[in-house]
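Participant: what would the 3D arrangement of this be:
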Amino acid sequence: MFVDKLIENIIAKKNHSVVGLDPRINFVPKHIQEKYENTKEGQCLAILDFNKIIIDSIKDIVACVKPQIAFYEAYGLQGLEVFAETVNYAKENGLVIIADIKRGDIGSTASAYAKAYFGGGYVDVDSVTLNPYLGIDSIKPFLDYCDKDKGVFILDKTSNKSSGDIQDLESDNKHIYELVGKYINSWGEAYKGKFGYSSVGAVVGATYPKEMKVLREIMSKSYILVPGYGAQGGTAKDIVDCFNEDGLGAVVNSSRGIIAAHTKEENLNKYSEKEFHYCIREAAINMRDSINDELAKHNKIAW
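Facilitator: Residues are numbered from 1 along each chain as shown. Okay, the predicted model is just below:
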C-alpha cells in the first residue's frame, strides 16, 4: 500500500521531511537560466534543470517530494511537461511523490482527475492532495485507487492565515476541521497497511499546533501531511503533536525554506553560484535534524 511504501522510505532515510518542488524562475541560478533563451520555453527548461539538481542533492536523505501543480500550470503545456518529467525523475531516484493538486469536484469530474494522476493519464504519481468541500462524491474516485498502491491527503486544517474563515466555524459545538477529521478517519478505515496507518491521510498546518493536537486524536491512524514549516513560520516544536508515540504519523513539508536556501542573505557568499545545491542539501539536513532532535526529546523516534 502507498502508506507502507511511504513509511518504509521514511524509516530508511530516518527523515520525516518532504521537499516541496514549487519552483519560481527567480530561484533558478543565472548560470542555469543563461543556458536557454529568455522565453517561456527556455524558462521551463531551466526549471527542469533546477528541479533535477535539487533531486540529485537530496535523494539520499529525503523520502518524499511534493511538486505543487500551480507552479507548472502557470507555464501552460510546457509547464505540465516539466511537472511530468520532474515526477518521473524523482521516481527514478527512489522518491515518493505527493502531487499537490488540491482537486475537489463532482464525481464524474473527480473520476477524470483520478485517471489523470493515478490511472494512466499524463503522469503517474503516488499520492495527491484533495479538497473535501464537495463531500465523498469528490473523494471516492481517488479512494478507488488506494488498494492499488495510491494514497490521498485531504485538506483539513490548512496552514494559511485565512483558513479559519471556514475551517474554524462551528456546527453542533464542533469546529468544521474536527468534523472533517472524523470523515477522513472514517474514509480511511478500509485502507490501512501493515504499520496500522491508512493511505487516506490529512493535511494539517504546522502553523496551528493546538488544532493539530486535537486532530491527531481524532485521526489516530491517518498519516498527516504538515505544510507551513519554515518560511510560513512553523518550527520543529510546533509539529511534535502530529506524531504518535511510535514516532510515525506525519510528514513535514518545506518548499521555499529548502529549494530557495541559496537565496537567503546568510548563504549568498557561502558557495559559488554553481555550488548553490550545497545550500539546498544543508537546509534539508538541518530540517531533518531539527525534527528528529525535537522528537527525540519526546521519546518519539521510529527507528
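Participant: show me what the helix or strand in which residue 164 is found is packed against.
Facilitator: For residue 164, the host element (DSSP states H and E) is helix 164-167. Where contact means 3 or more C-beta pairs under 8 Å, 6 or more residues apart in numbering; DSSP states H and E, helix 164-167 is packed against helix 176-187. C-betas here are computed from N, CA, C, even on glycine.
Participant: and the helix holding residue 164, average pLDDT?
Facilitator: Averaging pLDDT along helix 164-167 yields 96.
Participant: over to stretch 39-51?
Facilitator: Averaging pLDDT along stretch 39-51 yields 98.
Participant: so what touches the helix holding residue 164?
Facilitator: 156, 157, 158, 175, 176, 177, 180 (C-beta atoms under 8 Å, 6 or more residues apart in numbering).
Participant: before we move on, what about stretch 35-51?
Facilitator: Contacts for stretch 35-51 (C-beta under 8 Å, 6+ apart): 21, 23, 25, 27-29, 32-33, 67, 75-76, 78-79, 81-82, 85-86, 89.
Participant: nearest spatial neighbour of the most centrally placed residue in the chain, chain-adjacent residues omitted?
Facilitator: The C-alpha lying nearest the average C-alpha coordinate of the chain belongs to residue 66 (C-alpha atoms, centre = their mean; 4.2 Å). Once flanking residues are discounted, residue 66 sits nearest to residue 98: 4.3 Å by C-beta to C-beta, 6 or more residues apart in numbering.
Participant: just to revisit the earlier point, list the buried residues of the helix holding residue 164.
Facilitator: Neighbour counts using 16 or more other C-beta atoms under 10 Å place 164, 167 of helix 164-167 among the buried residues.
Participant: from the middle of its chain, how far away would that helix be?
Facilitator: 22 Å (C-alpha atoms, centre = their mean, to the nearest Å).
Participant: do the same with stretch 230-250
Facilitator: With C-alpha atoms, centre = their mean, you get 14 Å for stretch 230-250.
Participant: which residues touch that stretch?
Facilitator: Stretch 230-250 is contacted from outside by 7, 10, 16, 159, 195, 197, 204-207, 209, 212-213, 216, 220, 223-226, 228-229, 252, 254-258, 287, 290-291, 293-295, 298-303, using C-beta under 8 Å, 6+ apart.
Participant: filter the residues you listed down to the buried ones and hand me the PyMOL line.
Facilitator: A single PyMOL command selects the buried members of these (16+ other C-beta under 10 Å):
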select buried, resi 7+10+16+159+195+197+204+205+206+207+209+212+216+223+224+225+226+228+229+252+254+255+256+257+258+287+290+291+294+295+300+302
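Participant: this protein: helices as residue ranges?
Facilitator: Secondary structure of the chain (DSSP state H): helices at 2-13, 30-33, 40-58, 70-73, 76-92, 107-118, 136-143, 164-167, 176-187, 209-218, 256-259, 276-297.
Participant: and among the ones you listed, the most buried is which?
Facilitator: With neighbours taken as mean count of other C-beta atoms under 10 Å, the helices of the chain reach their highest mean count in helix 256-259, at a mean of 24.
Participant: against which helices or strands is that one packed?
Facilitator: With contacts taken as 3+ C-beta pairs under 8 Å, 6+ apart, helix 256-259 sits against strand 17-21, helix 40-58, helix 276-297.
Participant: name the nearest residue to residue 234, ignoring sequence neighbours.
Facilitator: Here the residue nearest residue 234, using C-beta to C-beta, 6+ apart, is residue 206, at 2.6 Å.
Participant: residue 274 too?
Facilitator: Nearest non-adjacent residue to residue 274, counting by C-beta to C-beta, 6+ apart: residue 31, 5.8 Å away.
Participant: do I have it right that that neighbour meets residue 272?
Facilitator: No: under the criterion of C-beta atoms under 8 Å, residue 31 is not in contact with residue 272, lying 9.4 Å apart.
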